[in-house]
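Asks: Provide a 3D model corresponding to the input given below.
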Amino acid sequence: LKQVFNKDKTFRPKRKFEPGTQRFELHKRAQATLHSGVDLKAAVQLPMGEDQNDWVAVHVVDFFNRINLIYGTICEFCTERTCPVMSGGPKYEYRWQDDMKYKKPTALPAPQYMNLLMDWIEMQINNEDIFPTSVGKCERE
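Replies: You can find the predicted model right below:
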């Protein structure tokens, strides 16, 4: 397990909600629903009286945390040697472009692609303009 929780790997610690905040309460409600064996449609249904953007933000962060845990358990088996291409099977190859270092879609080994992807997602989640931590302040389109 020491390998899985190595910060130099792709695993990242869970993003947490501050206890006592409304988002923390929404997170607890979402967790209780998911662990109760209720169908998925009911688990993600917006609770009465809650802000839709806050509810979506809670689920996005939770999904990111779960993907991190899953990837953390398999990343040691996918090295640059064993996974030289980020692909979705033989017909699909994913290329990285971020308009900063990678200005054009660039083929990368899967671990490098995943590290860049997880860093990018974490940056989006931590961006207060996209995911404000103050409840009810999400931008509305």
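
Asks: following element in sequence after the lowest-mean-pLDDT helix or strand in the chain, please.
Replies: One helix or strand of the chain scores below all others by mean pLDDT, DSSP states H and E: helix 22-34, with a mean of 64. Following helix 22-34 in sequence order, the next helix or strand is helix 40-43 (DSSP states H and E).

Asks: Phe63 falls within a helix, correct?
Replies: Yes: assigned with DSSP: H, G, I helix; E, B strand; the rest coil, Phe63 falls within a helix.

Asks: what is the neighbour count of it?
Replies: 11 (other Cβ atoms under 10 Å). Bear in mind the C-beta positions are built from the backbone N, C-alpha and C, glycine included.

Asks: ok, now how distant is it from Tyr102?
Replies: 25 Å (Cβ to Cβ, to the nearest Å).

Asks: can you map out the helices along the chain?
Replies: Assigned helices in the chain, in chain order: 22-34, 40-43, 52-74, 110-125 (criterion: DSSP state H).

Asks: tell me the domain boundaries of the chain?
Replies: Residue ranges for each domain of the chain read 13-77, 79-133, as given by the TED database.

Asks: which stretch in those has the least confidence?
Replies: Comparing mean pLDDT across the domains of the chain, the lowest value falls on domain 13-77: a mean of 76.

Asks: once you drop chain neighbours, what's closest to Tyr94?
Replies: Excluding the flanking residues, the one nearest Tyr94 by Cβ to Cβ, 6 or more residues apart in numbering is Met86, at 4.3 Å.

Asks: I'd assumed Asn115 was in contact with the one you found.
Replies: No: assessed by Cβ atoms under 8 Å, Met86 is found out of contact with Asn115, at 10.8 Å.

Asks: the two - which one has more neighbours?
Replies: A direct count of neighbours by other Cβ under 10 Å for Met86 and Asn115 places Met86 higher, at 21 against 18.

Asks: list the contacts of that one.
Replies: By Cβ atoms under 8 Å, 6 or more residues apart in numbering, the contact set of Met86 is 93-96, 107-110, 113-114.

Asks: one more time with 6 Å, if that's ok
Replies: Met86 is in contact with 94, 110, 113, counting by Cβ atoms under 6 Å, 6 or more residues apart in numbering.
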